[in-house]
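K.L.:
give the three-dimensional model of this entry:
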Amino acid sequence: MRNLISLRLAPRHAQVRSGLAHTRQPLCAPFPGSLLVMVLMLTATQALATDPEKMPSAVKIGAEEVEADAGADAQQDKAEPAHPQSLIRGEDGQLDVSHFIDQAYGFMPVLIPITEPALGLGAVGALAFIDRPDPGSGFNRPNITLIGAMGTENGTRGYFGGDLRYWLDNRLNTHVGAIKTSLNLDYYGAVRGDHDPRAYSYTLDLTGGLLRGRYRLGESDNWLGLSYLLANTRASFDLPVILPFNDREQRISGLGASFTHDSRDNMFTPRAGNYLEASATLFAPGLGSDLDFTRYALTGIQYVPLPQQASLGVNGSWSGNAGDTPFYMSPYVSLRGVPAMRYQGQQVAQLEAELLWPIWDRYSLVGFGGVGKGFGGTDSALFDERSVVAGGVGVRYEIARKYGLHMGLDMAWSRDGPAVYVQFGSAWMRP
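P.N.:
Next up is the predicted model:
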C-alpha cells in the first residue's frame, strides 16, 4: 500500500549513510501493507504453546483420514506419519507457518522491532484483529483492523490505527487510517552536489487520517479508486538558518483518484502477472488545505516466470508534483541501497529489476539492481538534477508454501554505502 504521507527515513546526524541494518518500512504510514505479513510471522511462535486438544479435528495418517477423538483410546495405537502436521511445520517437515496462518484469525498481539539508524532502536506494538476471508470468493484476502503505538530511542513517538476491509462479495475495498506522531528525521533536499551530502535535522509533527475506497470493475482485474487525506503538520528544523517553512503549522487536505490493474498470481511473492497503478491527488483550499498543489504517480510492475521455478520482475515508476508542495511530500528515489529522501526532486523516475532463483528446497537467491533520478525544479539549490545506481543480493526462505510467502535478507550497495533490509514477501509488495 502506498500512502500519501509515507516517509522512508534517512540516517540522522550523518554525512554518509550508515551501514547498520534496518527494515525497509515507511514508519509513518497509517497502515503499511507489509504489516499484514509481519503480523502473521511474528505471532507464529505462539503455536509452540498450543494445547494438543486445539489441533485440527482431523489428521492424515498415510492415505487414510481419521477423526481425532481425545476420548478414543484406539487412536493411540495408529501409526504416526513421518512428518506430523503441526501449526509450524509443513508436510515436508520443514519450518512452515501456513497451517498457523489458517488458524490465526481473530485477535492477536503484534510486536515489531525498529532498527532504523535514523530513529535508533525501538519497537512497534499493536493489537490486530483478522477475519478469515470467504473461501468461495476466489479472492482470499482477509479483513484486518489494527491499533498500536511506536517509539524509539531518539525520541520518535507515534500512535496509529487502521482498517483494511472488503465488501459486496469483494468488489469494494476500503482503507481507513489515522496517525498521530512526532518523527525526528533528516532532510537531504538542500544538498549542493552529489558528493557533498548535508543532512539537516528536523522534527515532523503529524496528525491526520486517510480514507480510500476502490471498486472492482465486473470480473476484471481493474479497480477504480477515490481517496481523501487530511493532516495537520509542523516541521521544525534545528538550524540558525531562517527557512520560510520552518516551525509553521500547515494543514494539507487532498482528494485523489486512481486506476489499478492487478493480475499478479500472488500478493506476497508473485512469479507471474502484472500490476499497474496511476493516481493523482489535488490539494486545494477548497478542500480544506492551506497549500495548493498536485501530486501524481505512475507505477508498473511485471513478473515473468522462468524455467526451474525462477522469475524475473521489473518495476518502473514515475512521480511528481506541481504547485506549492511541502518538502516532506516531494517524491524521492526509493531503491534498495539508496538512503531514503536523499535524492528528491519535483519529479522522480526509477527502474529496478529483480531475479529470484530457487537453489535448494525452500531456499532461493535474489539478485537486484536499479537506477533512479531526481529532476530539479525552479530552485536549483534545493533540487539539483542527480541520479544514483544501486544493486545487491539476497536470500529467501519459503516460510508459508500454501500462501507463496518468502522471507529473507537483502544486502544492497550504492555510492552512499551499504544497507541491509529484512524482507517479508516481495520488496515491491502491494496489498
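K.L.:
mind listing what's buried in stretch 152-165?
P.N.:
Neighbour-count burial for stretch 152-165 flags 152, 154, 156, 158, 160-164 (criterion: 16 or more other C-beta atoms under 10 Å). The way it works is simple: take the backbone N, C-alpha and C, and place the C-beta from them, glycine included.
K.L.:
same question for stretch 204-216.
P.N.:
Buried positions in stretch 204-216, judged by neighbour count with 16+ other C-beta under 10 Å: 204, 206, 208-210, 212-214, 216.
K.L.:
follow-up on the earlier one: now, which of the buried residues of stretch 152-165 lie within helices?
P.N.:
Among the buried residues of stretch 152-165, no member falls in helices (DSSP state H).
K.L.:
could I get those as CSV with pLDDT and distance to Asn232?
P.N.:
Formatted as CSV, the buried residues of stretch 152-165 follow (pLDDT from 0 to 100; distance: C-beta to C-beta, whole Å):
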residue, pLDDT, distance to Asn232
Thr152, 85, 22
Asn154, 83, 22
Thr156, 90, 18
Gly158, 96, 14
Phe160, 96, 15
Gly161, 96, 17
Gly162, 94, 19
Asp163, 94, 21
Leu164, 90, 24
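K.L.:
out of those, list just those in strands.
P.N.:
Judged by DSSP state E, the subset of the buried residues of stretch 152-165 located in strands is 152, 158, 160-164.
K.L.:
circling back to that earlier point, closest to Phe283 among the buried residues of stretch 204-216?
P.N.:
Nearest to Phe283 among these: Gly208, at 12.4 Å, using C-beta to C-beta.
K.L.:
gap between the residue lying closest to that closest one once chain neighbours are set aside and Gly374?
P.N.:
Nearest residue to Gly208, sequence neighbours excluded (C-beta to C-beta, 6 or more residues apart in numbering): Ala231, at 2.6 Å. Using C-beta to C-beta, to the nearest Å, Ala231 is found at 24 Å from Gly374.
K.L.:
those two: who's more crowded?
P.N.:
Using other C-beta atoms under 10 Å, the more surrounded residue of Ala231 and Gly374 is Gly374, with 25 against 21.
K.L.:
in which helix or strand would I find the more buried one?
P.N.:
Gly374 is part of strand 363-375, with elements assigned from DSSP states H and E.
K.L.:
could you list the buried residues of that strand?
P.N.:
Within strand 363-375, the residues that count as buried by 16+ other C-beta under 10 Å are 364-366, 368-375.
K.L.:
go on, stretch 406-417?
P.N.:
Residues of stretch 406-417 classed as buried by neighbour count (16+ other C-beta under 10 Å): 406-408, 410-414, 416-417.
K.L.:
from those residues, which two are the most distant?
P.N.:
Within the buried residues of stretch 406-417, His406 and Asp416 form the most distant pair, 27.1 Å apart (C-beta to C-beta).
K.L.:
hmm, back to that, dump the buried residues of stretch 152-165 to JSON lines, plus distance to Gln423.
P.N.:
Shown next, in JSON lines, are these (distance: C-beta to C-beta, whole Å):
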{"residue": "Thr152", "distance to Gln423": "21"}
{"residue": "Asn154", "distance to Gln423": "24"}
{"residue": "Thr156", "distance to Gln423": "23"}
{"residue": "Gly158", "distance to Gln423": "23"}
{"residue": "Phe160", "distance to Gln423": "22"}
{"residue": "Gly161", "distance to Gln423": "26"}
{"residue": "Gly162", "distance to Gln423": "21"}
{"residue": "Asp163", "distance to Gln423": "25"}
{"residue": "Leu164", "distance to Gln423": "21"}
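K.L.:
between those residues, which sits nearest Thr181?
P.N.:
Distance to Thr181, by C-beta to C-beta, is smallest for Gly158 among the buried residues of stretch 152-165, at 3.1 Å.
K.L.:
close enough to count as contact, that closest one and Ala149?
P.N.:
Yes - contact criterion C-beta atoms under 8 Å: Gly158 and Ala149 qualify, at 6.6 Å.
K.L.:
out of the buried residues of stretch 204-216, the closest to Gln346 would be?
P.N.:
Closest approach to Gln346 among the buried residues of stretch 204-216 (C-beta to C-beta): Leu204, at 20.0 Å.
K.L.:
and that closest one, how close does it get to Gly345?
P.N.:
20 Å.
K.L.:
same question for Tyr303.
P.N.:
28 Å.
K.L.:
got a pLDDT number for Thr45?
P.N.:
Reported pLDDT at Thr45 in the predicted model: 36.
K.L.:
wait, I meant Val39
P.N.:
For Val39, the pLDDT comes out at 41.
K.L.:
can you offset everything so residue one is 394?
P.N.:
All set: I'll call the first residue 394, so the last point we hit is now Val432.
K.L.:
low-confidence ranges in the stretch 444-593 of the chain?
P.N.:
444-483, 494-501, 508-513, 525-534, 582-591 (pLDDT under 70).
K.L.:
tell me where it has strands.
P.N.:
451-454, 457-460, 499-507, 515-524, 536-545, 550-560, 565-580, 593-609 (DSSP state E, counting those that start in this stretch).
K.L.:
returning to that earlier point: among the ones in strands among the buried residues of stretch 545-558, which one sits closest to Thr653?
P.N.:
Leu557 (14.6 Å).
K.L.:
now the closest residue to the closest one other than its chain neighbours: how far from Gly570?
P.N.:
Nearest non-adjacent residue to Leu557, counting by C-beta to C-beta, 6+ apart: Ile537, 4.8 Å away. Distance, Ile537 to Gly570, using C-beta to C-beta: 11 Å.
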